[in-house]
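Undergrad: Sequence and predicted structure, then a few things I'm wondering about:
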Amino acid sequence: MSIDRNHGMWNPQEETLTKEEKRQRDEKNLVRVFKHAYHNSPFYHERYRKAGLTAEDIKTFEDIKKIPFLRKPELQEAQRKNPPFGNNLTVPINKLSEIFISPGPIFEGVVAEEAEAMLNARCKAFYSCGARPGDIVLNTFMYHMVPAGLNIHLGFRRLGCTVVPTGVGQTAYQAIIMRDLGVTVFTGTPSFLAMIGEEAKNGGIEPKGDLKLELGIFSAEPLPDSLRKSLRDTFGIIARQLFGTADLGTVARECPEERGMHIEESMIMEIIDPNTLEQVAPGEEGEITCTMPHKLASPIIRFRTGDATILSEEKCSCGRTSPKLRKILGRVDQLVKVKGMFVHPANIKSVINKHPELGNYEALVDRPHLSDVLTIRIEFEGTGETLPKNLEKAKKELEKEFKEALRVKAVVELLQKGSITESKEKIVDLRKME
């Protein structure tokens, strides 16, 4: 690769803010967006009035705790009762630059001022992941209705890239497009690029030899280490990921260190315990909750995303100072607290995925006496590819791995293939909370 994709920043001034500078900025933005919503959005005005808040009650960053949380079903219900925007539009509809329909469905208005701020966020994210001016980018995100395709397109264009707006579908032809146009960057879901790789081989195109692809920037799906390695092996690319939602846009992005995703600097983010709604400390699992200071037409304040994560404030060698989301654990409605620690199916699966001889599983949480007991039942084919053939030794090894991954002790039961009934509920809580 002739391009240096591992050094530099798009906006060094923003990406190297000190902790105090970031807090001062967040405080100023919080007060501004709260007052804006209070005075201009009937939806928020009524919510805050019912909570006993006035426009002057939010003066410092600590006052954020006074503001009620917002969840997506509340926006859906408001729009159902008062279509199309649920009284959460702060400007006349003909002053909007775009209107998107996000999953829900949710009508979302955008004005040019906030679009400009979001373009800056995307440029920082793409540059952090390794994209550079002059790249030819295949954008396979969906363009119609939802904001993903168009917004990502405009971000790459601002970065100085040439964008090929394909969207999803026509997998075999996408490989031909990549070859014929000399595409250097793919953006979309990792599973779609894997499918393109298979179709390329079937059509006589060798992904490493016939394509000029150097970088994959992925979102909308997890990028586990196994899939990252597979894409690297197939295409010979750098593989990095973004985390975002249709409601919030780009929330966090990887850097060359690839040990978590730096939070977008303009975002006011809290990680909260989904049960107590209190903020949790770095290193503890919790729910991503965001306030968007630059989202003015359809404000988003203390929005609970439903996504679980772990926040890290460790210093990063890339030089960026914003904290990282260590990983996205999954949905908080799948979180179960065991002995004070959150356990999520993704944590359990991360251990199982290391061992090809392990299959379907279920986890049971019970409290037979005064202490929680976590039992993980796993189907075991017994080939011993990565675990000892001795059943008891294999169980002990797995129990050790689960304790490291979950930070709580688990009892492992290894069963014959077909013993466990497939179920959407992978963690079953049997405790009687009286």
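TA: On my side now, so go ahead. Residues are numbered from 1 along each chain as shown.
Undergrad: When you work out contacts or count neighbours from here on, use the C-alpha atoms and nothing else.
TA: Will do.
Undergrad: Can you tell me how far the nearest residue to Gly167 once chain neighbours are set aside is from Gly209?
TA: Leaving aside its sequence neighbours, Gly167 sits nearest to Thr140 (C-alpha to C-alpha, 6 or more residues apart in numbering; 3.8 Å). Thr140 is 22 Å from Gly209, where distance means C-alpha to C-alpha, to the nearest Å.
Undergrad: These two: which is more packed in?
TA: Thr140 (23 against 11; other C-alpha atoms under 10 Å).
Undergrad: Which pLDDT value belongs to that one?
TA: What the model reports for Thr140 is a pLDDT of 95.
Undergrad: residues contacting it?
TA: Listed by C-alpha atoms under 8 Å, 6 or more residues apart in numbering, the contact partners of Thr140 are Gly149, Pro165, Thr166, Gly167, Val168, Phe186, Thr187, Gly188, Thr189.
Undergrad: host element of the most centrally placed residue in the chain?
TA: Taking C-alpha atoms, centre = their mean, the centroid of the chain lies closest to Phe243, which sits 3.2 Å from it. For Phe243, the host element (DSSP states H and E) is strand 238-245.
Undergrad: List the buried residues in that strand.
TA: Along strand 238-245, these residues count as buried under the neighbour rule (16 or more other C-alpha atoms under 10 Å): Ile238, Ala239, Arg240, Gln241, Leu242, Phe243, Thr245.
Undergrad: Closest to Thr375 out of those residues?
TA: Phe243 (31.5 Å; C-alpha to C-alpha).
Undergrad: from memory Leu154 sits against Leu119, does it?
TA: Yes. Leu154 lies in contact with Leu119 (C-alpha atoms under 8 Å); the separation is 7.2 Å.
Undergrad: which one of these two has more residues nearby?
TA: Neighbours were counted for Leu154 and for Leu119 using other C-alpha under 10 Å; Leu119 has more, 21 against 18.
Undergrad: any idea how far Phe126 is from the nearest residue to the more buried one once chain neighbours are set aside?
TA: In space, and not counting its chain neighbours, Leu119 is closest to Gly155: 5.3 Å by C-alpha to C-alpha, 6+ apart. Note on Gly155: its distance to Phe126, by C-alpha to C-alpha, is 8 Å.
Undergrad: higher neighbour count, those two?
TA: Higher neighbour count among Gly155 and Phe126: Phe126, with 25 against 22, using other C-alpha under 10 Å.
Undergrad: list the buried ones in the strand or helix carrying that one?
TA: Assigned by DSSP H and E, Phe126 belongs to helix 112-129. Judged by neighbour count using 16+ other C-alpha under 10 Å, the buried positions of helix 112-129 are 114-115, 118-129.
Undergrad: I'd like the average pLDDT over stretch 218-236.
TA: 91.
Undergrad: May I have the distance across it, first residue to last?
TA: End-to-end distance for stretch 218-236: 15 Å, by C-alpha to C-alpha.
Undergrad: do stretch 156-171 as well
TA: End-to-end distance for stretch 156-171, by C-alpha to C-alpha: 22 Å.
Undergrad: now it: mean pLDDT?
TA: Stretch 156-171 comes out with an average pLDDT of 96.
Undergrad: buried residues in that stretch?
TA: Residues of stretch 156-171 classed as buried under the neighbour-count rule (16+ other C-alpha under 10 Å) are 156-157, 159-168, 171.
Undergrad: Same check on stretch 40-53?
TA: So stretch 40-53, judged by 16+ other C-alpha under 10 Å, has buried residues Asn40, Ser41, Pro42, Phe43, Tyr44, His45, Arg47, Tyr48, Leu53.
Undergrad: go on, stretch 81-92?
TA: Phe85, Gly86, Asn87, Asn88, Leu89, Thr90, Val91.
Undergrad: Show me what the strand holding Phe243 is packed against.
TA: Helices and strands touching strand 238-245, by 3 or more C-alpha pairs under 8 Å, 6 or more residues apart in numbering; DSSP states H and E, are helix 112-129, strand 215-218, helix 225-235, strand 249-254, strand 261-263.
Undergrad: what is the orientation angle of the third one with strand 238-245?
TA: If you take axes from the mean of the first three to the mean of the last three C-alpha atoms, to 10 degrees, helix 225-235 sits at 130 degrees to strand 238-245.
Undergrad: do the same with the fourth one
TA: If you take the same axes, to 10 degrees, strand 249-254 sits at 150 degrees to strand 238-245.
Undergrad: Partner strands of strand 249-254 and their direction?
TA: If you go by DSSP bridges, strand 249-254 pairs up with strand 238-245 (antiparallel), strand 261-263 (antiparallel).
Undergrad: List of residues touching the longest one?
TA: Under the contact criterion C-alpha under 8 Å, 6+ apart, strand 238-245 has outside partners 125, 129, 214-220, 223, 228, 231-232, 250-255, 258, 261.
Undergrad: Would you mind checking those residues for buried ones?
TA: Buried members of the contacts of strand 238-245, counted by 16+ other C-alpha under 10 Å: 125, 129, 214-220, 223, 228, 231-232, 250-255, 261.
Undergrad: Thr383 contacts Asn390, doesn't it?
TA: No. Thr383 is beyond contact range of Asn390, at 10.4 Å (criterion: C-alpha under 8 Å).
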